[in-house]
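Engineer: this is a predicted model, with the sequence first.
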Amino acid sequence: MRQILIHPGFHKTGTSSIQHYLWFNREVLEPYLSLLMLRHMKPVVKDCARFSRTGNPMDLVDLVTLLDDAISENPPHPDRHLVVSCEGLSGHLPGWPGVADYGAVPMLTSYIVGYFAETFPTADVRVVYTTRDAEGWLFSAYRHHLKGYRLTQDYVDFARAHENATALDGMAAQVADAIAPVPVETLSMSEALQHPLGPGAALVAKLPIPAGALVGTTPVGRGNEGPADGVWKDYLALNRSDLSDDEVQARKHDLAERHEVGGWRRA
């Protein structure tokens, strides 16, 4: 049976590595699956982000139309599996202003899963969340936000404020309760990194595709890694400085370019 595998996060759990693998190897994988990712669903992700800030269901009234647009502009092949991979479907990464945790995720996932189940009634819909240890996730989220906006908290205060967001397996269990009987699985980042072809192949391997389907794909290792110690401390100093927002942003951009912060690499 055709499967629709929805991978809506969580952020900072190897999602960039997974998506770069899927996209870089899309021609090799094309006989077996179609893809929907951020590049195909930016208006959808914008809606999800707004809802994660407000919690107002009225912010989701256009979600079906936006998903319809994404599908019509990027129609999946009817005889192939569909992989929907985008952590933005879980809203903002906690720590963004106004977003303390993943409390918006159960409703967001319910809407998204419901849409795909109704749009493709003969397909088998399932959800896979990638997860990570609490300390690693918190520190990665902190460094991400230091670069992304003018965060001035030190790490200890940030971690204390967002400790409740670290229970990723618990949140996946809440989603499972919300969308039952649609199955929800978790894939830890440490487990995914053990796959010889990297985290992306670990996700694709959950689909019922031929054993040799991944032969010829190019591995993708860690991607979109946060700044190293010296660099994130420079970001924090810039965020706390008296410089204008534009100047801070420009200097952080220069730091990112010089130290190759973010991006991705093949394994």
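Structural biologist: Noted; the coordinates are in hand.

Engineer: what ranges does this structure have for its strands?
Structural biologist: 3-7, 33-36, 81-85, 124-131, 184-188, 220-223, 264-266 (DSSP state E).

Engineer: between the first one and strand 184-188, how many degrees?
Structural biologist: What it means is strand 3-7. Calculated by axes from the mean of the first three to the mean of the last three CA atoms, to 10 degrees, strand 3-7 forms an angle of 50 degrees with strand 184-188.

Engineer: could you give the angle of strand 3-7 to strand 124-131?
Structural biologist: Using the same axes, to 10 degrees: strand 3-7 against strand 124-131 is 20 degrees.

Engineer: strand 3-7 - contacts with which helices or strands?
Structural biologist: strand 81-85, helix 105-119, strand 124-131 (3 or more CB pairs under 8 Å, 6 or more residues apart in numbering; DSSP states H and E). (Each C-beta comes from the backbone N, C-alpha and C, glycine too.)

Engineer: run a quick neighbour tally on the residue lying closest to Pro94 once chain neighbours are set aside.
Structural biologist: Nearest residue to Pro94 in three dimensions, chain neighbours excluded: Ala165, at 3.9 Å (CB to CB, 6 or more residues apart in numbering). Other residues lying near Ala165 total 22 when counted by other CB atoms under 10 Å.

Engineer: ok, Ala165 to Lys252 distance?
Structural biologist: 24 Å (CB to CB, to the nearest Å).

Engineer: and what of Ala192?
Structural biologist: 29 Å.

Engineer: hmm, back to that, dump the helices and strands packed on strand 3-7 to CSV, plus mean neighbour count.
Structural biologist: Shown next, in CSV, are the helices and strands packed on strand 3-7 (neighbours: other CB atoms under 10 Å):
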stretch, mean neighbour count
strand 81-85, 24
helix 105-119, 19
strand 124-131, 22
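
Engineer: which one of these lies nearest to Arg50?
Structural biologist: helix 105-119 (10.9 Å; CB to CB).

Engineer: packing partners of the closest one?
Structural biologist: Here helix 105-119 touches strand 3-7, helix 42-54, helix 63-73, strand 81-85, strand 124-131, helix 168-179, going by 3+ CB pairs under 8 Å, 6+ apart.

Engineer: could you dump these to TSV with distance to Pro97 and mean pLDDT?
Structural biologist: Formatted as TSV, the helices and strands packed on helix 105-119 follow (distance: least, CB to CB, whole Å; pLDDT from 0 to 100):
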stretch	distance to Pro97	mean pLDDT
strand 3-7	26	98
helix 42-54	8	98
helix 63-73	22	98
strand 81-85	26	98
strand 124-131	24	98
helix 168-179	21	98
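
Engineer: can you list contacts of stretch 62-77?
Structural biologist: Residues outside stretch 62-77 that contact it (CB atoms under 8 Å, 6 or more residues apart in numbering) are 34, 36, 40-41, 43-44, 47-48, 82, 111-112, 115, 119.

Engineer: and if you look at stretch 94-109?
Structural biologist: Residues contacting stretch 94-109 (CB under 8 Å, 6+ apart): 6, 8-10, 48, 51-55, 57, 60, 89-93, 127, 141-142, 144-145, 148-149, 151, 158, 161-162, 164-165, 168, 171, 174-175, 177-179.

Engineer: could you tell me the end-to-end distance of it?
Structural biologist: One end of stretch 94-109 to the other measures 16 Å (CA to CA, to the nearest Å).
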